[in-house]
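Visitor: only geometry, no sequence info:
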């Protein structure tokens, strides 16, 4: 049985849809893998960030995207936050926002 993918807020989906076409295409490919494999998806496509938070790792010639997500009851993955990386390291504010949204998801 496949997993479904939902978005924390319509703005998260809008951010992803605004990505350059090559990164967006890789994101689409990786989300297909996520729906098929769920929590078993690993590097280089997905990585655990600890405390039930994961990241999707799409890339293209124009840059690198990141989408933070979690799993919830009912074989669902919820994308909490997404952005295009501008530096090698993930900015703290991006990770903090994803963790804040994760807390909201888990605590209702």
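Guide: Ah, there it is. These numbers were taken from a predicted model, which means no experiment stands behind them.

Visitor: mind listing the strands in this protein by residue range?
Guide: Taking DSSP state E, the strands of the chain run over residues 4-7, 46-50, 53-56, 59-60, 63-72, 76-85.

Visitor: next, the buried residues of stretch 60-70.
Guide: 60, 64-70 (16 or more other C-beta atoms under 10 Å). Every C-beta, even on glycine, is put in place using the N, C-alpha and C of the backbone.

Visitor: now residue 101. Nearest residue, chain neighbours left out?
Guide: residue 80 (4.1 Å; C-beta to C-beta, 6 or more residues apart in numbering).

Visitor: quick one, what contacts that neighbour?
Guide: With contacts taken as C-beta atoms under 8 Å, 6 or more residues apart in numbering, residue 80 has the following neighbours: 8, 12, 53, 68-70, 98, 101-102, 105.

Visitor: go with 7 Å
Guide: Taking C-beta atoms under 7 Å, 6 or more residues apart in numbering, we find residue 80 in contact with 8, 12, 68-70, 98, 101-102.

Visitor: can you tell me how far it sits from residue 52?
Guide: Distance of residue 80 to residue 52, given as C-beta to C-beta, to the nearest Å: 11 Å.

Visitor: shared neighbours of these two, anything?
Guide: Each of 70, 102 lies in contact with both residue 80 and residue 52 under the rule C-beta under 7 Å, 6+ apart.

Visitor: count the residues that sit near residue 19.
Guide: Residues near residue 19, counting by other C-beta atoms under 10 Å, number 21.

Visitor: quick one: residues contacting it.
Guide: Residue 19 sits next to 27, 65, 84 when contact means C-beta under 7 Å, 6+ apart.

Visitor: repeat for residue 79
Guide: Contacts of residue 79 (C-beta under 7 Å, 6+ apart): 5, 7-8, 12, 67, 69.

Visitor: sorry, back to before: let me have the contacts of residue 80 in TSV, extended by pLDDT and distance to residue 76.
Guide: TSV is the format used below for the contacts of residue 80 (pLDDT from 0 to 100; distance: C-beta to C-beta, whole Å):
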residue	pLDDT	distance to residue 76
8	97	12
12	98	15
68	98	15
69	98	10
70	97	9
98	98	17
101	97	15
102	97	14
